[in-house]
Every structure is written in C-alpha cells, then in structure tokens.
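K.L.:
take a look and give me a structure for this.
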Amino acid sequence: MVSASYARLITLEEFIIQGQNNFKGATGELSQLLRDIALAAKIISNEVNKAGITNILGLDGSTNVQGEMVKRLDIFSNDQMRHALSRSGNVCMIISEENDEPVRTRSSQGKYVVAMDPLDGSSNIDVNVSIGTIFSVFSRKTDRTQAPDITDALQAGTDQIAAGFVLYGSSTTLVYTTGMGVSVFTLDPGLGEFFLSERSVRIPAFGPAYSLNEGHINQCSRAVQQYVKQCRQPDKISGRPQQCRYIGSMVSDVYRTLLNGGIFMYPETTALPKGKLRLLYECYPMAFIVEQAGGKAVDCRNTRILDVPLTQIHQRSSIYLGSPTNMDTLTALF
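P.N.:
Residues are numbered from 1 along each chain as shown. Here you go, the predicted model:
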C-alpha cells in the first residue's frame, strides 16, 4: 500500500501527461523526450552516488573540443544521455560539450534537436561537490524527410521549446520548463521516481547574495568591479552587505539563485574576452529557465542572452542572470 504522503505526490510521468493533455493535437513526442532525459539522469545519479567505489573518478586522459581535460564521469554521462536520447527515435541530432561536431542519430526523421552539457562542473567530481546535467531542446528546421544539417544545430535562444537541468547533490533534482513556468522534481532513490517538489517557481525580486569567482575580479570589467564593490556595502533593502556565494558548478549556483534570489555572474575577463561558458548548451537553457521564473539574463553588452546570435556550436559567452532588482543595479553600470 502506498503511504498517504506518497499518495498526494505527483510523479514526473503524471506531470508530463497532464501538461500534454493541455495541448490539443499533442503527439507525445516531447513528453517521451523528457522521460528519456529523466531516465538518463537516474542512471547518472546512481553512478555519481557511488563514484568513489566504482573506479570512475579521475581523468580519462583525453581533452574535449574546449581544450579541457575530460573526466571518466564526463564520458559516462555523455554516453548515457546520447543513448537515452537516441532510443525513442524522437531526436535527430545531439550537440554535446564532449563532441567536436553535432552527432546525427540513427533516427534521421526525429523531430527534435537536443544540445547538452552532460556533466556541468566536472572539475568538482573528485572532491564530491554538486555537479549536474544541462539540456536544451529545439524543433528541427529541416524537413523530416531529409537528413538534419548545421541549420538545425545553429538555432536562436528564442527557438528553444524546452530546457532544464539536473542537479546531483544532497538530493537529485530535475528543473525544467517548456515555456509555461518552471517546475522542480526531486528523485526518490528508493522508488526510482521523480516527484514534483515545486510548481511555478518564481525567483525573488531581490536576493542578498552574488555569485562570482572573485579570484579573477582584477581581470573583470570596470562595471563588474564596481558592482561587487557596491555589494560589499550595506544595501538599501536589507541594510547589510551582500554575501558572496560561489560553488564553481553552474547548475548549483544557478539553482541557489533561482530559489533564493540574487545574481550569478560569469563575466568576460582579460584572459577570456568572450567569456567562458558555452552559449548553446549552458547560457541559452539557463537564461530560458530564469526568464520563465521572472528573472533576467544578459551578456556583457546588456544584450538579452536569448537574443545573442549563435554562429558556432561551441561558442562562448559571458552571462549575468538573476533577480530583477539585482540585475537592474548591475546593468545600470554597463
């Protein structure tokens, strides 16, 4: 018998079906895609939770297209996501941080294109700090009778039809949007089910924290340096200085910002004048989620992230996102 507490909970499967029923003529393909992502997330979560005893920690010995050292768990996560996304035939192309070029699946008639960072924050793997998976979903541009091509990969941020991330931390949390608000699900590892834990998330209008690697502050723009200087002074809302909260894993820092408010910054620097994070599969999906929760997301030119043109699949960008009040204070300095 299911306990009374579980009887009141909504599973991810139920939530997806309810959402699908709200759209006349929905075919269920996007719903299946989201279920496939959830399945891969469960497998990755299980592996992450026992990484220290399964010989999957450490470096793989190779580097990715970014020139970054690849961890064994990066490869595992990438393989699991690719397998899950290819199994139902709904995805024709996958763009991943771990692959130099777009990967065409065997389902050339698939309706969707998925861009992903299969394991964000992988530099934290070996020290047991929260990491995650980020994904973004697009409808293909080419006709389904033809093979997908680069036009399907190089789409605008405003073309996203769904986006989300999975956080592997003290609990495994899945956050996603299909353009109708942001929902949060938490994995019950005993039952192997994601349950709805928060519906229609709204980011606070103001938050008392800023998230930034201050080790590079001297390489940042004058606007960023001035904003951080202001944060260290008592603000007009709380009367106290703001707190610096930085984990070094985008999924963790953005999730905290989403729930508690504040601002997350990964700025351009003199060493990385174009920024470091990837526009397609890190900045676009996070900006979509934050905007759907009532927040803002821009680059160093104060251009809305979702309006920044994409010309390369691994294109880098600066990003600033968070609560409207915090963001307005920052962008007034640009």
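
K.L.:
break this protein into its domains for me.
P.N.:
Per the record, the chain has its domains at 4-198, 209-331, by automatic domain parsing.

K.L.:
could you dump these to a markdown table with mean neighbour count?
P.N.:
Glycine gets a C-beta too; all of them are placed from N, C-alpha and C. As requested, those are exported to a markdown table (neighbours: other CB atoms under 10 Å):
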| stretch | mean neighbour count |
| --- | --- |
| domain 4-198 | 18 |
| domain 209-331 | 19 |
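
K.L.:
can you redo those as JSON lines with mean pLDDT?
P.N.:
Listed next are the domains of the chain as JSON lines, based on pLDDT from 0 to 100:
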{"stretch": "domain 4-198", "mean pLDDT": "87"}
{"stretch": "domain 209-331", "mean pLDDT": "96"}
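
K.L.:
can you verify residue 33 is assigned to a strand?
P.N.:
No - read with DSSP: H, G, I helix; E, B strand; the rest coil, residue 33 is helix and lies in no strand.

K.L.:
contacting residues for it?
P.N.:
Residues in contact with residue 33, defined by CB atoms under 8 Å, 6 or more residues apart in numbering, are 85, 88, 90, 91, 112, 114, 137, 162.

K.L.:
residue 32 is in contact with the third one, correct?
P.N.:
Translated: residue 90. Yes - counting by CB atoms under 8 Å, residue 90 touches residue 32, with 5.8 Å between them.

K.L.:
can you give me the strands for the stretch 1-150 of the chain?
P.N.:
Assigned by DSSP state E, counting those that start in this stretch, the strands in the stretch 1-150 of the chain fall at 59-63, 69-71, 91-96, 103-104, 112-120, 131-139.

K.L.:
how about residue 240: what's its closest non-neighbour residue?
P.N.:
residue 234 (5.6 Å; CB to CB, 6 or more residues apart in numbering).

K.L.:
how far away is that neighbour from residue 98?
P.N.:
Look at residue 234 and residue 98: by CB to CB, to the nearest Å, they are 45 Å apart.

K.L.:
which residues are in contact with the residue nearest to the spatial centre of the chain?
P.N.:
By CA atoms, centre = their mean, the chain has its centre lying nearest to residue 134, at 3.5 Å. Residue 134 sits next to 116, 117, 120, 164, 165, 250, 251, 281, 282, 285, 286 when contact means CB under 8 Å, 6+ apart.

K.L.:
so it bridges to which residues?
P.N.:
Note on residue 134: beta-bridge partners by DSSP bridges are residue 117, residue 165.

K.L.:
show me the contacts for the residue nearest to residue 311 when sequence neighbours are not counted.
P.N.:
Distances taken as CB to CB, 6+ apart place residue 154 nearest to residue 311, at 6.9 Å, with adjacent residues excluded. Contact analysis of residue 154 by CB under 8 Å, 6+ apart lists 310, 311, 312, 313.

K.L.:
what's the helix or strand for the first one?
P.N.:
Assigned by DSSP states H and E, residue 310 belongs to neither a helix nor a strand.

K.L.:
nearest residue to it in space, please, no chain neighbours.
P.N.:
Of all residues beyond its chain neighbours, the one nearest residue 310 is residue 154 (5.3 Å), with distances taken as CB to CB, 6+ apart.

K.L.:
do the same with the third one
P.N.:
With sequence-adjacent residues excluded and distances taken as CB to CB, 6+ apart, residue 312 is closest to residue 154, at 7.8 Å.

K.L.:
my guess is residue 198 contacts residue 183, does it?
P.N.:
Yes - under the criterion of CB under 8 Å, residue 198 makes contact with residue 183 at 7.0 Å.

K.L.:
could you grab the helix/strand/coil label for residue 297?
P.N.:
The three-state assignment at residue 297 reads strand, by three-state DSSP.

K.L.:
OK, contacts around it?
P.N.:
Contacts of residue 297 were listed using CB under 8 Å, 6+ apart, and they are 283, 286, 287, 290, 291, 304, 305, 306, 319, 320, 321.

K.L.:
now with 10 Å, please.
P.N.:
By CB atoms under 10 Å, 6 or more residues apart in numbering, residue 297 lies in contact with 157, 254, 264, 283-284, 286-291, 304-306, 308, 319-322, 327.

K.L.:
mind listing the residues bridging to it?
P.N.:
In this entry, residue 297 is beta-bridged to residue 321, by DSSP bridges.

K.L.:
any idea how far residue 173 is from it?
P.N.:
Using CB to CB, residue 297 is found at 20 Å from residue 173.

K.L.:
again with residue 148
P.N.:
In terms of CB to CB, residue 148 sits 31 Å off from residue 173.

K.L.:
against residue 255, how distant is the nearest residue to residue 37 once chain neighbours are set aside?
P.N.:
Excluding the flanking residues, the one nearest residue 37 by CB to CB, 6+ apart is residue 135, at 6.0 Å. Going from residue 135 to residue 255 by CB to CB gives 15 Å.
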